[in-house]
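In: Need a 3D model of the sequence below.
(4 chains)
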Number of protein chains: 2
Amino acid sequence: MAGSCLIEKIGYHIPLSATDAALLARLEEQEEPFRARATVRDIGQPADRLFVVRAGWFFSYMILPNGGRQIMHIHYPGDIVGIPDVAFARTSAALAAATPGRLCPFPKSALDEVFIRSPRLSALLFSIGMVEHAVLADRIRIISRMGAEARVTHFLLEVVSRLRVTRRDLQGHFELPLSQGMIGDAIGLTNVYVSRALKRMQGDGLIRKHAHGIDLLDEDEMKKRVDFEDRHFKIDTSWFPGS
Amino acid sequence: MAGSCLIEKIGYHIPLSATDAALLARLEEQEEPFRARATVRDIGQPADRLFVVRAGWFFSYMILPNGGRQIMHIHYPGDIVGIPDVAFARTSAALAAATPGRLCPFPKSALDEVFIRSPRLSALLFSIGMVEHAVLADRIRIISRMGAEARVTHFLLEVVSRLRVTRRDLQGHFELPLSQGMIGDAIGLTNVYVSRALKRMQGDGLIRKHAHGIDLLDEDEMKKRVDFEDRHFKIDTSWFPGS
DNA sequence: CGAGGTGTTGAACTTGGTCAAAAGTCGTGG
DNA sequence: CCACGACTTTTGACCAAGTTCAACACCTCG
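Out: Reported below is the predicted structural model:
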C-alpha cells in the first residue's frame, strides 16, 4: 500500500503498529473514480458505507428548505468521509466531487474490527471526529455574527490549514478548485458577495487572486482579524490507551 | 448510583453490562454545585476534565472577535460535557451554568479505561459525539441562509427533541430557562430580533409564550417549515461490536 | 465555434442590527 | 411586606450589510 495518504495522515498523529496498519489497509481495498461535479451519494440513503479520499477534492452538503445548498465539509486526499454518519442509519448529507478524483468505499462494519482490535486507533478516530466537530463550531462562530470579509478570510485560512496536514511546507500560495458560488454555499453568502469580499480583500493587500487559486499575502494579519485557530496541526494523543 | 441520569440516558441506547455500568459509575463519583450564571471553565484552560451534568442546564460558548458570545451547546441533565475537547490539549469553549445545577467532573484519562475495557461503550461514546456533530451541522444549515423565524423555530424544536430523550412523554409545553439574549447568542440574532420573531410566531398561532416557557401549538407545521430532523431519538447501534 | 459554467458590476430592495427608552419581573434586604 | 436594583422584554426609528435581479465579459472544453 505504497501511496496511501490515509496511512500517511494517520501515521502523522500516532505511531502505527503492524496490526493498525493492516486494519487501515483494509479500508482502502476498493477504489472508484468520479468526474468533477459527480454526485457520490444523496441525502437519506443508507449510511452503511464510509469512504477514504484517494485523490481529488470532494465535499458534503445539505439542502436548505428554500432550495439552497449548504456545504458542510470539504474532503481532501487522505480524509475519511462519513464519520459523522456513523451514528445514524441514513445519511444526513450528500457527497459530491469538486474535482475529478477517486474514493475508496468501505463498510461501516469495518469499524467494528477497529474498535475491538485497536483501542488506540479507536481513540484516534474518535479524536478525528472531534476535530471535525471543532471545525463546524468555528464555522458557526464565524457565520453567525461576522461580516462577509471575515467569513471569507476564515474560510481561506481553514483550507490552507487543512492542506498543510499533508503538505507541511505549503506557503501562502495554493490552488483553489472551488467556484465562488461554492465558497458562498460553505459560509452562507451569495457568489456575488464572495466576489465583492475578495475584491476588497485584494484592495487591502491581504490576498492576490490568480487563475486557479489565491495567494495569502499577509496570513498573520488575516489570522488576527478572525481569531483563527488551527484545529488540524496537533491532536492531543496524551490520554490515548497504551498500545 | 440510584438517581444517575447518565446511566439512564446511556442505557436507553444499549443494554449495559455490569462492567459498563461500573465504568460509568466512576464518572459520577464527585459532584460540585453551581449557581445560575456561574462560569465553570474558561476558554484556553487545560482540557483535562470532562463533566456529567447531574442537575440543571449548562451551556458552552465561544467568544467572537467583536466581543459577542456564540453559544454552541446546551447541556441537559445526563449529558456528558466536553467530549469535543477530547482531541485538544486546551478547551476551545467556555462552560457556564444557565440555571442552578450540579456537575460531576472526571478526568480525561478515565476515557482510557472505557476504550480499553469496553469496545461497545467506546462505540456509543463515539456515536454520541457524532450526534453533537449533526446538531452543529443542522445549526449551520439553519443559521447560514434562513430567516429569523426559521432560526427560532429550529432552536425550539431542537430543545424539545433534546428534552424528550429523558422525558419521552413531553408534550409541546415546557419550561425554557434561557433569556432571549441567550437564544439569540445561540442562533446568531440579537435579543431584539428574537423578541420580534417570537411575537410574530405567536401571531401565526405556532407558539404561545408564558411566564417561564413556551407552548408549541403546531409542532408539525414548525417541523415542516424548517425541515426539522430529530437527531436524538435513535442512534444506529447496529454496527456496534458484539459485547 | 458555441455552450455552459464562472466572475464582475450596478441598482433597488430587504432583513436584521443598533440605539434608546419604557415597562415588566424577580430576588434580596430592610 | 414592601422597596430597591438588576436583569429582561418590548417597541420604535433609523441604518447598514448582504440579497436579488440583470447584464455582460471570460474562459474552457466539447
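In: what about stretch A:6-26 and chain B, touching?
Out: No - shown here: stretch A:6-26 not in contact with chain B (C-beta under 8 Å from any C-beta of the partner chain), separated by at least 9.9 Å. For the C-beta atoms, the positions are set from N, CA and C on the backbone; glycine is no exception.
In: Return the set of buried residues in that stretch.
Out: A:Leu6, A:Ile7, A:Lys9, A:Ile10, A:His13, A:Ile14, A:Leu16, A:Asp20, A:Ala21, A:Leu23, A:Leu24 (16 or more other C-beta atoms under 10 Å in any protein chain shown).
In: Any part of the lengthiest helix in chain A near chain B?
Out: With secondary structure taken from DSSP state H, chain A has its longest helix at helix A:119-145. Yes - Helix A:119-145 lies within reach of chain B by C-beta under 8 Å from any C-beta, at A:119, A:122-123, A:125-134, A:136-137, A:139-141, A:143-145.
In: Could you confirm whether any residue of that helix contacts DNA strand D?
Out: No - residues of helix A:119-145 are not located near DNA strand D by C-beta under 7 Å from any atom of the strand, the shortest gap being 9.5 Å.
In: now that helix and helix B:119-145, what's the angle there?
Out: 20 degrees (axes from the mean of the first three to the mean of the last three C-alpha atoms, to 10 degrees).
In: So what's the gap between helix A:119-145 and the chain middle?
Out: How far helix A:119-145 lies from its chain's middle: 10 Å, per C-alpha atoms, centre = their mean, to the nearest Å.
In: following that helix, which helix or strand shows up next?
Out: helix A:148-163 (DSSP states H and E).
In: helices or strands next to the helix or strand just after that following helix in the packing?
Out: Heading C-terminal from helix A:148-163, the first helix or strand you meet, by DSSP H and E, is strand A:173-175. Helices and strands touching strand A:173-175, by 3 or more C-beta pairs under 8 Å, 6 or more residues apart in numbering or on different chains; DSSP states H and E, are helix A:148-163, strand A:213-216.
In: Please, where are all the strands along chain A?
Out: Along chain A, the stretches classed as strands by DSSP state E are A:32-34, A:39-41, A:49-55, A:58-63, A:69-75, A:80-81, A:94-97, A:101-107, A:173-175, A:207-210, A:213-216.
In: for the record, mean pLDDT for stretch A:199-210?
Out: On average, the pLDDT along stretch A:199-210 is 95.
In: Only C-alpha atoms, please: export it in PDB.
Out: Backbone C-alpha positions of stretch A:199-210 (Å, rounded to 0.1, in the frame of the first residue of the first chain) are rendered in PDB as follows:
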ATOM      1  CA  LYS A 199     -12.000  42.200  -4.300                       C
ATOM      2  CA  ARG A 200     -12.000  44.300  -1.200                       C
ATOM      3  CA  MET A 201      -9.500  42.000   0.500                       C
ATOM      4  CA  GLN A 202      -7.300  42.200  -2.500                       C
ATOM      5  CA  GLY A 203      -7.600  46.000  -2.200                       C
ATOM      6  CA  ASP A 204      -6.500  45.700   1.400                       C
ATOM      7  CA  GLY A 205      -3.400  43.800   0.300                       C
ATOM      8  CA  LEU A 206      -4.400  40.700   2.200                       C
ATOM      9  CA  ILE A 207      -4.600  38.400  -0.800                       C
ATOM     10  CA  ARG A 208      -4.000  38.200  -4.500                       C
ATOM     11  CA  LYS A 209      -6.300  36.300  -6.900                       C
ATOM     12  CA  HIS A 210      -4.800  34.400  -9.800                       C
END
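In: Which of the residues in that stretch are classified as buried?
Out: A:Met201, A:Leu206, A:Ile207.
In: Run through the residues that contact the closest residue to A:Gly184 other than its chain neighbours.
Out: Leaving out its chain neighbours, the residue that sits closest to A:Gly184 by C-beta to C-beta, 6 or more residues apart in numbering or on different chains is A:Val194, at 4.6 Å. Counting by C-beta atoms under 8 Å, 6 or more residues apart in numbering or on different chains, A:Val194 makes contact with A:Ala148, A:Val152, A:Gln180, A:Gly181, A:Ile183, A:Gly184, A:Ile187.
In: Drop anything exposed from those.
Out: Buried members of these, scored by 16+ other C-beta under 10 Å, are A:Ala148, A:Val152, A:Gln180, A:Ile183, A:Gly184, A:Ile187.
In: now, the most widely separated pair of these?
Out: Across the buried ones among the contacts of A:Val194, the longest distance by C-beta to C-beta is 11.9 Å; it joins A:Ala148 and A:Gln180.
In: got CSV for the buried residues of stretch A:6-26, with pLDDT too?
Out: As requested, the buried residues of stretch A:6-26 are exported to CSV (pLDDT from 0 to 100):
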residue, pLDDT
A:Leu6, 88
A:Ile7, 90
A:Lys9, 86
A:Ile10, 90
A:His13, 88
A:Ile14, 91
A:Leu16, 91
A:Asp20, 92
A:Ala21, 93
A:Leu23, 91
A:Leu24, 93
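In: For B:Asn66, state which of those is nearest.
Out: Nearest to B:Asn66 among the buried residues of stretch A:6-26, with distances taken as C-beta to C-beta, is A:His13, at 34.0 Å.
In: Surely the closest one is in contact with A:Ser238?
Out: No - shown here, A:His13 and A:Ser238 do not form a contact pair, counting by C-beta atoms under 8 Å, at 11.8 Å.
In: Could you report the neighbour count for A:Leu176?
Out: 19 (other C-beta atoms under 10 Å in any protein chain shown).
In: The one 3 residues further on now?
Out: Under the neighbour criterion other C-beta under 10 Å, A:Ser179 is assigned a count of 12.
In: Quick check: the gap between it and A:Thr39.
Out: A:Ser179 sits 16 Å away from A:Thr39, going by C-beta to C-beta, to the nearest Å.
In: who touches A:Phe228 in this structure?
Out: A:His154, A:Leu157, A:Glu158, A:Ser161, A:Met222.
In: Kindly recompute the last result at 10 Å.
Out: Going by C-beta atoms under 10 Å, 6 or more residues apart in numbering or on different chains, A:Phe228 touches A:138, A:142, A:153-154, A:156-158, A:160-161, A:219-220, A:222, B:65.
In: Sweet, I'm off.
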